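Q: Compute the structure for the input listed below.
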Amino acid sequence: MLSAFRCGWVQSRHSAPIWDHQEGGIILSRNFLADAFEIACHRMAAGTLPRRDFLKVASLAAAAGLVGTRAAQAQAKEVVFANWGGDSEVIYGEAWGVPFEEATGIPVVFDGEGPTAGRIRSMVTNNSVTWDLCDGGVDAGNLAAHGFLEPVDYTIVDKNKVLEGFRYDWGLTGYMFSSVIAYNKAKFGDAPPQTWADFWDVEKFPGKRTMYKYMDGTLESMLLADGVKPEDVYPIDLERALAKLAELREHIIFWDTGSSSQQLLRDEEVVMGQIWNTRAHLVRDETGGAIDYHWNNAILQPGVWSVPKGNPAGKDVWRFLAFMQDPESQIEVLKGLGNAPANPEAAKFYTPELEARSATAPANLATQFVVKPDWYIDNHAEAAKRYLEVISG
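A: Presented below is the predicted three-dimensional model:
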């Protein structure tokens, strides 16, 4: 006999019930659980049960010794892409999900719950991985260093379809974005802040600033503001960077979502901000150019797609990743979200308007600082903790 379960109903995207594991309730017998798993297999094959829900049943069967965990997972023939929800699910689906299913017959399911490092660790540690692909950044290198990610299969994925300098063994760079200086044109006329040193100069450029609540893309700007040459930023001098942050702390309102960074500038609560280029473009359009931005000194960062160790879809995930390297589909994502192509071949598909807003367009690329993830592999957790301590002080 198993531990206690309640016979409850959870509505899936197909409005079909699955078993919900809770304390108390009816005790499911081993035979009944075996039958439940058999039904789940049939529904999975018929396409009426999402893989995420199938794996919940499969994990119970595996725990009861009715089926091996990997065998249970192998029943699920789809790719689950964990991202951060919102418009990206729609745009990714149109650019990649639907076309991939049409080309291969393998559906792509988007999970917008947010693939945090903690959840990835927990899934892998507990042998309960339900995600095949995770949308993240430089912190993924730390996960790989501790054995939580599959190495990129470059026999399927094309390394040459990634910008040089952004080819990693632990994840595939799928797009690029930048932290730029956005500013209120009315406050500074024809002499806006151009560098991070200007951003820190509250006498020459008075007023509140906004910066990201989390450290990604910020430590580098602090060192550049403090006079460190770009080629000397790494390895990051954390004490020096945090001291520079503390220097500006009283003049900063920290943002935690892209929309909040946009709103702070739009509502004139701040005169300038370090925000994502995607949001800078939107707020410039919203305000008719009253809020503007530039690429000078911008912090260019990779959007990295990583695969959790033991992902259920196996090599199908690498086929999907190879599919997403198509330059024209990356242009469609640039149009929809502002995420810049990682494939250098995309440059030939730029219109003048798209070139102006792409972080990886050659002219924009030339003036930016490029983040290097190697330092973060060993230092991300401690640096993030120290950063939050400073901004909370």
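
Q: How many residues are close by residue 85?
A: By the criterion of other Cβ atoms under 10 Å, residue 85 has 12 neighbours. For every residue, glycine as well, the C-beta is placed using N, CA and C.

Q: which residues touch it?
A: Contacts of residue 85 were listed using Cβ atoms under 8 Å, 6 or more residues apart in numbering, and they are 112-114.

Q: taking the mean pLDDT, what do you get for stretch 177-184?
A: Stretch 177-184 shows a mean pLDDT of 98.

Q: part of a strand, is residue 299?
A: Yes. Under DSSP: H, G, I helix; E, B strand; the rest coil, residue 299 sits within a strand.

Q: so what's it bridging to?
A: Assessed by DSSP bridges, residue 299 has beta-bridge partners residue 179, residue 369.

Q: That one contacts residue 222, doesn't it?
A: No. Judged on Cβ atoms under 8 Å, residue 299 makes no contact with residue 222 at a distance of 10.5 Å.

Q: Same drill for these two, tell me which one is more crowded.
A: Between residue 299 and residue 222, counted using other Cβ under 10 Å, residue 222 has the larger neighbour count: 28 against 23.

Q: Can you tell me the SS state at the more buried one?
A: The three-state label given to residue 222 by three-state DSSP is helix.

Q: correct me, but it touches residue 241?
A: Yes. Using Cβ under 8 Å, residue 222 is in contact with residue 241, at 4.2 Å.

Q: Next up, phi/psi of residue 357, please.
A: The phi and psi values for residue 357, taken as degrees, to the nearest 10, are phi -100, psi 0.

Q: Closest to the centroid, which residue in the chain?
A: The chain has residue 136 as the residue nearest its centroid, 3.0 Å off, counting by Cα atoms, centre = their mean.

Q: Report the contact partners of that residue.
A: 115, 117, 171, 303-306.

Q: go on, residue 139?
A: 117, 216, 376, 380.

Q: Please dump those into JSON lines; it should also carry distance to residue 281 for every row.
A: Formatted as JSON lines, the contacts of residue 139 follow (distance: Cβ to Cβ, whole Å):
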{"residue": "117", "distance to residue 281": "28"}
{"residue": "216", "distance to residue 281": "19"}
{"residue": "376", "distance to residue 281": "26"}
{"residue": "380", "distance to residue 281": "28"}
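
Q: Among those residues, which are located in strands?
A: Among those, the subset assigned to strands under DSSP state E is empty.

Q: which one of those residues is nearest residue 283?
A: Among those, residue 216 lies closest to residue 283 (Cβ to Cβ), at 20.1 Å.

Q: Spatially nearest residue to that closest one, not counting backbone neighbours?
A: residue 137 (6.1 Å; Cβ to Cβ, 6 or more residues apart in numbering).

Q: what does residue 83 give?
A: In space, residue 83 is closest to residue 135, 4.0 Å off (Cβ to Cβ, 6+ apart).

Q: Quick check: residue 178 vs residue 96, distance?
A: 22 Å (Cβ to Cβ, to the nearest Å).

Q: Tell me how many other residues crowd residue 89.
A: Using other Cβ under 10 Å, the number of residues around residue 89 comes to 16.

Q: Wasn't it part of a helix?
A: Yes. Residue 89: assigned to a helix according to three-state DSSP.

Q: Might one say that it is in contact with residue 110?
A: Yes. Counting by Cβ under 8 Å, residue 89 does reach residue 110; the two are 4.5 Å apart.

Q: where do the contact lists of the two overlap?
A: Among the neighbours of residue 89, those also in contact with residue 110 (Cβ under 8 Å, 6+ apart) are residue 83.
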